[in-house]
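**Q** Show me how the following folds:
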Amino acid sequence: MIKLVITDLDDTLYSWIGFFIPAFYDMVQQLSLLVNVPQEKLLEEYKAIHQEVGNVEFPFATLNLPSVKKKYCGISDEQVKIELNPAFHKFNATRKKLLQLYPEVEGTLKFFYENNIKIVAYTESAEENGFYRLKKLGIDNYFKEVYVSDSLYKRPDTIPSSPKTHIVHGKKPNAEVLKEICCGEKVSVCEAVYIGDSLSKDMLMAKQAGITSIWCDFPRDDIQDLYSKLVAISHWKEEDFRREQQYKNEWKEKGYTPDYTIHNFGECREILSQINMQNNLIIL
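**A** Next up, the predicted model:
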């Protein structure tokens, strides 16, 4: 019987790339006007900082841009934030408009929760980003635990960390983390499913851990353009692209396929029902 659902967050429960890239580029457009620097130059500066900190969502990247420091030399960070508020407002406004759960996500999570199926998240996003989005979307209460990546961001004492979050060092795929989650929740890997959008990370990791894998294949017409814009500002370095290719090769060479493929998150209900029916245990 399936007792535990482990799920990725970004581009699995909502379109991360679909909100972040438009919001980021809207911010850069406004920032370009404020500091009188071409957008292309700002994007190059962002990329350098993102690579330095290893995170494309580093909260203080804008304040550390060389062009911003030059423009506002001698001014406190707090005052700079006020000066740049129109740019930050652009980002927040676009995010508010575009950050939405995929269809049937909330209803499906609610169904699991009400049927005593524990839900745990495992994301490469840091707490200030990944867990923030769960709260913003109003679904954090469904999650028993949330495993997040470490971050250079220093959380203010006035904003305590959530007791639900656990920091994971290193990147996906990390099959040991999935095994540790199962152990912590006192279920076997046979009693868990892992849901994610990446074949070379999420699904490969599930295969390595021996956990039933559910691949979210949610196609987008604009994905190539969004991805190109992401690469232009990404923290990924050459070794990251090589590592990604290595995972893709392993997936292909071993002939792996996801145990299940879904095009709508609500299909997870039927999948868990099928699995449990095969074990003469019906949850629907």
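**Q** so how many other residues sit close to residue 120?
**A** Using other Cβ atoms under 10 Å, residue 120 has 22 neighbouring residues. From N, CA and C alone the C-beta is placed, and that goes for glycine too.
**Q** Please name every helix or strand in contact with the helix or strand hosting it.
**A** If you go by DSSP states H and E, residue 120 is part of strand 118-126. Applying 3 or more Cβ pairs under 8 Å, 6 or more residues apart in numbering; DSSP states H and E, we find strand 118-126 packed against strand 4-7, helix 105-114, helix 127-136, strand 145-149, helix 175-184.
**Q** Reformat those as CSV; add mean pLDDT.
**A** Below are the helices and strands packed on strand 118-126 laid out as CSV (pLDDT from 0 to 100):
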stretch, mean pLDDT
strand 4-7, 98
helix 105-114, 96
helix 127-136, 90
strand 145-149, 93
helix 175-184, 95
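**Q** still on that earlier bit, and the average pLDDT for the strand holding residue 120 is what?
**A** Average pLDDT, strand 118-126: 94.
**Q** residues in contact with that strand?
**A** Here strand 118-126 makes contact (Cβ atoms under 8 Å, 6 or more residues apart in numbering) with 3-10, 16, 55, 57, 109, 112-113, 130, 133-134, 142-151, 153, 168, 171-172, 177-178, 181, 185, 187, 194.
**Q** From these, list the buried ones, please.
**A** Among these, those classed as buried by 16 or more other Cβ atoms under 10 Å are 3-10, 16, 55, 57, 109, 112-113, 130, 133-134, 142-143, 145-149, 151, 153, 168, 172, 177-178, 181, 185, 187, 194.
**Q** just how off-centre is the strand holding residue 120 within its chain?
**A** Relative to its chain's centre, strand 118-126 lies at 8 Å (Cα atoms, centre = their mean, to the nearest Å).
**Q** Name the residues of that strand that are buried.
**A** Quick answer for strand 118-126 (16+ other Cβ under 10 Å): 118, 119, 120, 121, 122, 123, 124, 125, 126.
**Q** Looking at the residues you listed, which is nearest residue 94?
**A** Nearest to residue 94 out of the buried residues of strand 118-126 is residue 125 (Cβ to Cβ; 18.3 Å).
**Q** How much space separates the closest one from residue 174?
**A** 15 Å (Cβ to Cβ, to the nearest Å).
**Q** what do you get for residue 248?
**A** 17 Å.
**Q** the more surrounded of those two?
**A** residue 174 (19 against 15).
**Q** Leaving out the residues flanking it, which one is nearest to that one?
**A** Of all residues beyond its chain neighbours, the one nearest residue 174 is residue 205 (6.3 Å), with distances taken as Cβ to Cβ, 6 or more residues apart in numbering.
**Q** Same check on residue 116?
**A** residue 3 (8.0 Å).
**Q** In contact with the one you found, which residues?
**A** 116, 117, 118, 185, 187, 191, 192.
**Q** gap between it and residue 84?
**A** Distance from residue 3 to residue 84, by Cβ to Cβ: 48 Å.
**Q** Same check on residue 76?
**A** As judged by Cβ to Cβ, residue 76 and residue 84 stand 13 Å apart.
**Q** neighbour-wise, which of the two wins?
**A** More neighbours surround residue 84 than the other of residue 76 and residue 84, with 21 against 9 (other Cβ under 10 Å).
**Q** Just confirm residue 19 contacts residue 95, I think it does.
**A** Yes: at 5.4 Å, residue 19 counts as touching residue 95 under the criterion of Cβ atoms under 8 Å.
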